[in-house]
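Engineer: Predicted model follows, preceded by the sequence.
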Amino acid sequence: MSPQFARDTVTVFSREIAPVLREPVMVVFAMIQPLLLLFLFGPMLAGTQDFGGAQTPWQWFVPGILIMMCLSGPMLAGYSLLVELMGGSMERMLVTPLNRTAMLVGRVLKEFVILLAQAVLIIGLAVPLGFRPSPAGVLAGLVLLIVFGTGLGAFSFVLAIASRPDGTLFWGVTQMVLFPLMLLSGVLLPTELGPGWLRAAAAVNPVSYIVEAERALFAGRLVNPPVLYGVIAACAIGAAGLFFGTRAIRRGV
Amino acid sequence: MIHARALTRRFKIKGGEVEAVRGLDLDVEPGTLVAFLGPNGAGKSTSLRMLTSLLPPTSGTAVVAGHDVASDPAGVRRNIGYVGQKNGAGENFRVLDELVTQARCYGLTRDEARRRAREVLDMLELTSLATRKPGTLSGGQRRRLDIALGLVHRPGLLFLDEPTTGLDPQSRADVWGHILRLREEHGTTLFLTTHYLEEADSMAERVVIIDHGRVIADGTAARLKTDLAGDHVTLTLRDPGDTARATAIATRLEAPGEAAAEGTTVRVRVPRADVALPRLLRALEAEGVEVAAAETARPTLDDVFLTLTGRSLRETDGDGA
């Protein structure tokens, strides 16, 4: 990593994070949907009999909420890039000697920081509701979440670059992919409750493995097969996202 | 400052290829203000994008500010400024923050970047808007901010892509004031495209006209007009019966200029109207043709384009980029 690359990454990161630091409330607004689910949907689950093998429904539900947040935040991170690609600000920065890869990495880093803040907030709010995670599991779970979120964020930027000039593709794909991906990962209800075809669809959805891994980690089961599968899925998504993201920003813009 | 040779760019489109720029040759000396003119789709923006390292040329070479655009784009980027067609400041960011970011992009330290951002704000009279977001600025203010963004690293060469398009006349004049001051005080070389022919005419020292991806005319506005379009003398005769005779006299006297008649009006194209008019009037009087009124007109750059292509620059709508 050259000093110029590090400096350029800091430049991009500082630019992206400045509006958030000026108005931190926006971070909370951006997570309004997971927050509502936590407070308005979670208690209903908590009222049911325990399921999914967890001690309490909260143990089962909160990791799913975190993954949901991951799907909506970083997945939509490309939107800011898309707006800048359609306006003139991206072009303006491309005429400067700014490192191309740093443009992507700086943005991904910002998503990473936001996601971490949101995840910590959700976990903090869930504890009074009855969520009792294992401390070591929380740390491991956050690392996994961030690897996954980074990959998704990078994919979102690839999609934004591919959606030029009008951005229709971006909205089409995010709407078509986001919701099914979420429903088929068993974040709201266990997919085991569904018919065979739905369980089969969930089995090929990498997100469901990450959800299962998060649940195992938060429950303190740090070394078991679901964690391994989840780590493989998250690392694959993270690596592929960064690879395609770097390639797209180098050749695409 | 700019040396381009046979610069060419082809785009693949559905069912074939489009040659947006075909063999552009261009040399721009330091300190000049060059206006790049042409109808939509003539290849202006594509040329500009190649010269600013945004788009790799298909073939040909360009050395800009001492660096080759193909082999050393980073060198080009360090030494040029660019004000694009669209607004350069991001909507979510404050004016001052964007300027600091821009300076940081060029490798200035945090302190230098802040100082320089303040300087350009002051230079373009934007200091009072430092904490605002671009969306709250007027069109003219946004354009000045774009220029400020292009200047943070003190480039010796600044490209401007239609810097005044869409602005009201007062803002246009204001933006021009800043552009001209830049050249006067800092000797910055300016290369700009514009839709407004009058601007190119009155502001630029050199006008380069491009059509279908090729340079079709290059020189000072005055030179191009004299060489390619010529002045017009319009004579109104007292007696419609004299028209044919007057036209013949004008053609004989001012050949190879052209003369055309309509009713009692005779229009003659001449290299210099100020010289031709007294001569014409004397000849017509000597032949007994009575002239009721005489008028001269300088050509516009649009007349130049019309002479070269048979089309008007104002109406043509091209295809492709």
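Structural biologist: In hand now; what should we look at?
Engineer: Which positions within stretch B:132-147 qualify as buried?
Structural biologist: By neighbour count on 16 or more other CB atoms under 10 Å in any protein chain shown, the buried set for stretch B:132-147 is B:K133, B:P134, B:L137, B:G140, B:Q141, B:R142, B:R143, B:R144, B:L145, B:D146, B:I147. For glycine as for every other residue, the C-beta is placed from the backbone atoms N, C-alpha and C.
Engineer: average model confidence for that stretch?
Structural biologist: Stretch B:132-147 carries an average pLDDT of 92.
Engineer: and what of stretch A:14-26?
Structural biologist: pLDDT averaged over stretch A:14-26 gives 91.
Engineer: Would you mark the buried spots in that stretch?
Structural biologist: Buried residues in stretch A:14-26, counted by 16+ other CB under 10 Å: A:S14, A:R15, A:E16, A:A18, A:P19, A:V20.
Engineer: could those go into a markdown table alongside secondary structure and distance to A:L152?
Structural biologist: Output for the buried residues of stretch A:14-26, formatted as a markdown table (DSSP: H, G, I helix; E, B strand; the rest coil; distance: CB to CB, whole Å):
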| residue | secondary structure | distance to A:L152 |
| --- | --- | --- |
| A:S14 | helix | 23 |
| A:R15 | helix | 21 |
| A:E16 | helix | 17 |
| A:A18 | helix | 23 |
| A:P19 | helix | 21 |
| A:V20 | helix | 18 |
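Engineer: So which of those would count as near chain B as well?
Structural biologist: Under the cut-off given by CB under 8 Å from any CB of the partner chain, chain B has A:S14, A:R15, A:A18, A:P19 from the buried residues of stretch A:14-26 close to it.
Engineer: And the closest residue to the third one other than its chain neighbours, which helix or strand is it part of?
Structural biologist: Think A:A18. Using CB to CB, 6 or more residues apart in numbering or on different chains and skipping the chain neighbours, the partner closest in space to A:A18 is B:D97 (5.5 Å). Applying DSSP states H and E as the criterion places B:D97 in helix B:95-105.
Engineer: State the next helix or strand along the chain beyond that helix.
Structural biologist: In N-to-C order, the element after helix B:95-105 by DSSP H and E is helix B:110-123.
Engineer: Just the angle for that next one relative to helix B:95-105, thanks.
Structural biologist: Angle, helix B:110-123 to helix B:95-105, by axes from the mean of the first three to the mean of the last three CA atoms, to 10 degrees: 130 degrees.
Engineer: any residue of helix B:110-123 up close to chain A?
Structural biologist: No. Helix B:110-123 stays clear of chain A (CB under 8 Å from any CB), getting no nearer than 9.0 Å.
Engineer: Show me chain B divided up by domain.
Structural biologist: Domain assignment for chain B, taken from automatic domain parsing, gives B:2-225, B:231-298.
Engineer: Span of the shortest one from start to end?
Structural biologist: Which is domain B:231-298. One end of domain B:231-298 to the other measures 5 Å (CA to CA, to the nearest Å).
Engineer: residue in chain A nearest to chain B?
Structural biologist: Of all residues in chain A, A:G88 sits closest to chain B, at 3.0 Å by CB to the nearest CB.
Engineer: tell me the contacts of that residue?
Structural biologist: B:G84, B:Q85, B:K86, B:N87, B:G88, B:D146 (CB atoms under 8 Å, 6 or more residues apart in numbering or on different chains).
Engineer: what subset of those is also close to chain A?
Structural biologist: Restricting these to contacts with chain A (CB under 8 Å from any CB) yields B:G84, B:Q85, B:K86, B:N87, B:G88, B:D146.
Engineer: got a list of contacts for stretch B:71-81?
Structural biologist: With CB under 8 Å, 6+ apart as the criterion, stretch B:71-81 contacts A:95-97, B:52-53, B:64-69, B:106, B:150-151, B:153, B:155-159.
Engineer: Show me those that map onto helices.
Structural biologist: B:G150, B:L151 (DSSP state H).
Engineer: Show me which of the contacts of stretch B:71-81 are buried.
Structural biologist: So, by 16+ other CB under 10 Å, the buried ones in these are A:95-97, B:52-53, B:64-65, B:67, B:69, B:106, B:150-151, B:153, B:155-159.
Engineer: Next, the buried residues of the helix or strand hosting B:A173.
Structural biologist: Element membership for B:A173, per DSSP H and E: helix B:169-186. Neighbour counts over helix B:169-186 (16+ other CB under 10 Å) mark B:S171, B:R172, B:D174, B:V175, B:W176, B:H178, B:I179, B:L182, B:R183 as buried.
Engineer: One more: stretch A:197-216?
Structural biologist: For stretch A:197-216, using 16+ other CB under 10 Å, the buried residues are A:199, A:202, A:205-216.
Engineer: Then stretch A:174-186?
Structural biologist: Neighbour-count burial for stretch A:174-186 flags A:T174, A:L178, A:L181, A:M182, A:L183, A:L184, A:S185, A:G186 (criterion: 16+ other CB under 10 Å).
Engineer: Looking at those residues, which are in helices?
Structural biologist: Secondary structure from DSSP H places A:T174, A:L178, A:L181, A:M182, A:L183 of those in helices.
Engineer: and the first one, what does it touch?
Structural biologist: For A:T174, the contacting residues are A:M75, A:L76, A:G78, A:S156, A:L159, taking CB under 8 Å, 6+ apart as the criterion.
Engineer: So for residue 218, what's the pLDDT?
Structural biologist: Defaulting to chain A. Among the per-residue scores, A:F218 shows a pLDDT of 90.
Engineer: ah, no, chain B please
Structural biologist: What the model reports as pLDDT for B:D218 is 90.
Engineer: where does the spatially most central residue of chain B land in three-state SS?
Structural biologist: Closest to where the C-alpha atoms of chain B average out (CA atoms, centre = their mean) is B:A35, at 2.9 Å. Classification of B:A35 using DSSP: H, G, I helix; E, B strand; the rest coil returns strand.
Engineer: same thing with B:R267?
Structural biologist: Secondary structure, three-state DSSP: B:R267 is strand.
Engineer: Just give the number of residues close to the residue of the stretch 101-250 of chain B found nearest chain A.
Structural biologist: Closest contact between the stretch 101-250 of chain B and chain A, by CB to the nearest CB, is at B:C105 (3.9 Å). Using other CB atoms under 10 Å in any protein chain shown, B:C105 is surrounded by 28 other residues.
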